[in-house]
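Trainee: any chance you could fold what I've pasted below:
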Amino acid sequence: MAAGTETVRLMDEIRAWAPILIAAASLLYAIVSARGRVASARVDKLEEELKGKAEASTVGLIAGKVDIAEDRIARVEGELAHLPSREQTHGLELALSKMEGRLGQMAEQLKPIAATNERLQEWLYDEARAQSRGAA
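Mentor: Model (predicted):
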């Protein structure tokens, strides 16, 4: 029977403390939820203020800067459209290199012609000199 009386005593103690514990838990819940509502209201108010400020003061400024940037990008794209691509530039480099080689070959081929021309000029000069001495 000792176990039965102990159970009854425990139940009586729980009955005595239960209203106090329930009241304390309700009070704690009320405090926490009230603070949460206040904090939520403050956050909502700050969000509205920031939204209004962003729309009022900076949107026009940012839009103007975006327009300027778009104009600059369009001009750069227009200039780049006229430039050759990497492949085209490489092709031009190869063609110029090939032309350099051909010009070098032509210069070598023109050397004997230039020497012949120089000899002919000397001969003609000597002939003209000889005729001018003979006529005199």
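
Trainee: only C-alpha atoms for contact and neighbour calcs from this point on.
Mentor: Noted.

Trainee: and stretch 74-89, how far from the chain's centre?
Mentor: Distance of stretch 74-89 from the chain centroid (Cα atoms, centre = their mean, to the nearest Å) equals 18 Å.

Trainee: do the same with stretch 86-94
Mentor: Relative to its chain's centre, stretch 86-94 lies at 27 Å (Cα atoms, centre = their mean).

Trainee: what mean pLDDT does it get?
Mentor: When pLDDT is averaged over stretch 86-94, the result is 92.

Trainee: do stretch 10-17 as well
Mentor: Mean predicted lDDT for stretch 10-17 stands at 83.

Trainee: give me the residues contacting it.
Mentor: Counting contacts by Cα atoms under 8 Å, 6 or more residues apart in numbering, no residue outside stretch 10-17 touches it.

Trainee: CA atoms of that stretch as PDB?
Mentor: The C-alpha trace of stretch 10-17 is given here as PDB (Å, rounded to 0.1, in the frame of the first residue of the first chain):
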ATOM      1  CA  LEU A  10       2.600  12.600  -6.100                       C
ATOM      2  CA  MET A  11      -0.700  13.300  -7.800                       C
ATOM      3  CA  ASP A  12      -1.600  15.800  -5.200                       C
ATOM      4  CA  GLU A  13       1.700  17.600  -5.600                       C
ATOM      5  CA  ILE A  14       1.200  17.700  -9.400                       C
ATOM      6  CA  ARG A  15      -2.300  19.100  -8.900                       C
ATOM      7  CA  ALA A  16      -0.800  21.800  -6.700                       C
ATOM      8  CA  TRP A  17       1.900  22.800  -9.100                       C
END
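
Trainee: low-confidence regions, the chain specifically.
Mentor: 1-2, 52-57, 135-136 (pLDDT under 70).

Trainee: quick one: the helices in it?
Mentor: Along the chain, counting by DSSP state H, helices occupy 2-53, 59-82, 86-135.

Trainee: dump these into a markdown table; add mean neighbour count as well.
Mentor: Converted to a markdown table, these look like this (neighbours: other Cα atoms under 10 Å):
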| stretch | mean neighbour count |
| --- | --- |
| helix 2-53 | 11 |
| helix 59-82 | 11 |
| helix 86-135 | 11 |
